[in-house]
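[1] A predicted structure for the sequence below; I have some questions about it.
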Amino acid sequence: MGMMPLLLFFFFTIPFLGIPASAEQQESKNLIQKEMIALDGALKVTVDAIVLNEPERIVPAFQEANRIREQVEHTIKSGAKIVLPKNQKRFKEFVRLDNKFHRDLELLLKAAGKNNMGVVQRQTHRLLDACVRCHRIFRK
Ligand code: HEC
């Protein structure tokens, strides 16, 4: 796919994903929301990295999100509950979407490490679709 459709897609879609919260707002956020704020920043860096052909920016951009992700996994393993602000009863579905998202993210990071921009671009599309799809169900 050429660059133009990708750009248009992002320009029209990103404004609907939500605006990162200020520092004091973040204190009251739960772990999932913190992971999301980190993902949001990382995805935007990824879009820039694709547009500017700077694949080396992608892996570091996801460091914070990955760190929080480890906390999420730790919480799940310890048997503690992951609180979803909305539709907690559809938690299984959340886990399924989340696992798929993280598999796609891994492929993105691998491709970025190899400067494989074709795969980076494809995976970025997939991730963006996944953000929107999960939010349709689980976002307030
Ligand atoms: C598997 C489900 C899922 C996926 C995938 C997902 N999100 Fe989220 N997202 C959530 C949930 C749950 C919330 C919290 C619901 C709420 O705030 O109402 C949320 C909230 C957010 C917020 C608001 C955080 C806040 O409270 O300030 C942002 C920003 C966000 N997501 C960005 C993203 C981006 C960008 C992606 C894709 C790269 C993404 N999300 C992928 C489930 C998901």
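    Structure's in. What do you need?
[2] Can you pull the residues of the chain lying near the ligand?
    Neighbours of the ligand within the chain, by CB under 6 Å from any ligand atom: 17-18, 20-21, 29, 32-33, 36-37, 39-40, 43, 84-86, 94, 97-98, 101, 127, 130-131, 134-135, 138-140. C-beta: built from backbone N, CA, C; applies to glycine.
[3] What is the least confident helix or strand in the chain?
    helix 23-27 (a mean of 50; mean pLDDT, DSSP states H and E).
[4] what's the next secondary structure element after that helix?
    Moving toward the C-terminus from helix 23-27, the next helix or strand (DSSP states H and E) is helix 31-51.
[5] and that following helix, how far out from the chain's middle?
    In terms of CA atoms, centre = their mean, to the nearest Å, the centre of helix 31-51 is found 6 Å from the chain centre.
[6] Packing partners of that helix?
    For helix 31-51, the packing partners by 3 or more CB pairs under 8 Å, 6 or more residues apart in numbering; DSSP states H and E come out as helix 3-13, helix 58-61, helix 63-77, helix 117-138.
[7] could I get the ones you listed as JSON lines with mean neighbour count and mean pLDDT?
    Listed next are those as JSON lines, based on neighbours: other CB atoms under 10 Å; pLDDT from 0 to 100:
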{"stretch": "helix 3-13", "mean neighbour count": "12", "mean pLDDT": "65"}
{"stretch": "helix 58-61", "mean neighbour count": "17", "mean pLDDT": "98"}
{"stretch": "helix 63-77", "mean neighbour count": "14", "mean pLDDT": "93"}
{"stretch": "helix 117-138", "mean neighbour count": "17", "mean pLDDT": "97"}
